[in-house]
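Visitor: for reference, the sequence and a predicted model appear below.
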Amino acid sequence: MLRIESLNTHYGRSHVLQGVDLEVPAGRIGAVLGRNGVGKTTTVRSIMGLVPPTSGHVLLDGQDIAGWAPHLVARAGVAYVPEGRLIFPDLSVLENIRVGERKPAKVWTMERLLDLFPSLRERAGNRGWQLSGGEQQMLAIARALVSDPRVVLLDEPSQGLAPLVVRELAGVIKRLCDEGVTILLIEQNMKLAEAVADQLHVMVKGRIVYAATPDVFRAEEEAIRGKYLTL
């Protein structure tokens, strides 16, 4: 479904992504772990067209979308849930969701989204600023889903959330996968990534240096954590 080949991205003279290779099969969850500043967010921003890659390929069902404008990437079936959520604080829950609706949803209708996120149904008329951090994260995911995407890019969704809310988030991510949504998850929370991902990747200095299934990752976690993930 989503395959990245030899992706390079620069910010000015800074070479951030240095030949990233990564694949997430259809209906699966791929996670990218790594320290701050290694290029994880740049990866999803490059896929989404928010930062044009310098070279390489972003293949969506075999079609190269590298360098496309963000609205064209979205039309192709990719949705982005950014780090920090970036919901509209002065809009209601329903208005925030409708912002992401390019045309009437066929798969993730408003009713279905509110079934998936019962707390949003309860607070449908509340403004964004009145929601808890967990509710805001669920709202950001709902806003992405209303476009009926084939692929969802989740950037640090557990950031700032309490452990109980992170467990709820894990359940949502798994359910989306069960419903056929392909997910690329950017995370620093290894427990969340291990709990939901089919394949875990570790990024260091703009390169993928390690990839394994959760079972293999758990067996090697201490070594991988010491080598790549701790300061």
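Guide: Now that the structure is in, tell me what you want to look at. Owing to the predicted nature of the structure, the values given are computational and were not obtained by experimental measurement. Numbers count the residues shown, from 1 in each chain.

Visitor: C-alpha from now on. contacts and neighbour counts both.
Guide: Noted.

Visitor: could you look up the SS state of the residue lying closest to Val51 once chain neighbours are set aside?
Guide: Excluding the flanking residues, the one nearest Val51 by CA to CA, 6 or more residues apart in numbering is Arg45, at 5.6 Å. Secondary structure, DSSP: H, G, I helix; E, B strand; the rest coil: Arg45 is helix.

Visitor: which helices and strands does the longest helix anywhere in the chain pack with?
Guide: Among all segments of the chain classified by DSSP state H, the helix with the greatest residue count is helix 163-178. Packing contacts for helix 163-178, counted by 3 or more CA pairs under 8 Å, 6 or more residues apart in numbering; DSSP states H and E, involve helix 190-196.

Visitor: can you list the buried residues in the helix it packs on?
Guide: 190, 192-194, 196 (16 or more other CA atoms under 10 Å).

Visitor: ditto for stretch 125-132
Guide: So, applying 16+ other CA under 10 Å, buried residues of stretch 125-132: 126-128, 131.

Visitor: quick one: end-to-end distance for that stretch.
Guide: Terminal residues of stretch 125-132 lie 14 Å apart, using CA to CA, to the nearest Å.

Visitor: and the nearest residue to Arg102 once chain neighbours are set aside, how many neighbours?
Guide: The shortest distance from Arg102 to any residue other than its chain neighbours is 6.3 Å, reached at Ser147 (CA to CA, 6+ apart). Counted with other CA atoms under 10 Å, residues neighbouring Ser147 total 26.

Visitor: got a list of what Ser147 touches?
Guide: Ser147 is in contact with 77, 79, 100-103, 105, 108, counting by CA atoms under 8 Å, 6 or more residues apart in numbering.

Visitor: filter those to the buried ones?
Guide: Counted by 16+ other CA under 10 Å, these give 79, 100-101, 108 as buried.

Visitor: in the residues you listed, find the pair that's most separated.
Guide: Largest separation among the buried ones among the contacts of Ser147 by CA to CA: Ala79 and Trp108, giving 12.7 Å.

Visitor: what do those two both touch?
Guide: Residues touching both Ala79 and Trp108 (CA under 8 Å, 6+ apart): 145, 147.

Visitor: where in this structure is pLDDT low?
Guide: 231 (pLDDT under 70).

Visitor: helix, strand, or coil at the most centrally placed residue in the chain?
Guide: Nearest residue to the geometric centre of the chain (CA atoms, centre = their mean): Leu154, 1.4 Å. Of the three states, Leu154 takes strand under three-state DSSP.

Visitor: ok, it - contacts?
Guide: By CA under 8 Å, 6+ apart, the contact set of Leu154 is 80-83, 183-186.

Visitor: on that earlier part again, from the buried residues of helix 190-196, pick the one nearest Gln137.
Guide: Nearest member of the buried residues of helix 190-196 to Gln137, counting by CA to CA, is Leu192, at 14.9 Å.

Visitor: which residue packs closest to that closest one, ignoring adjacent ones?
Guide: Of all residues not flanking Leu192 in the chain, Ala170 sits nearest, at 6.5 Å (CA to CA, 6+ apart).

Visitor: give me the neighbour count for that neighbour.
Guide: Residues near Ala170, counting by other CA under 10 Å, number 19.

Visitor: quick one: it and Lys191 touch, right?
Guide: No. Counting by CA atoms under 8 Å, Ala170 stays clear of Lys191, with 9.8 Å between them.
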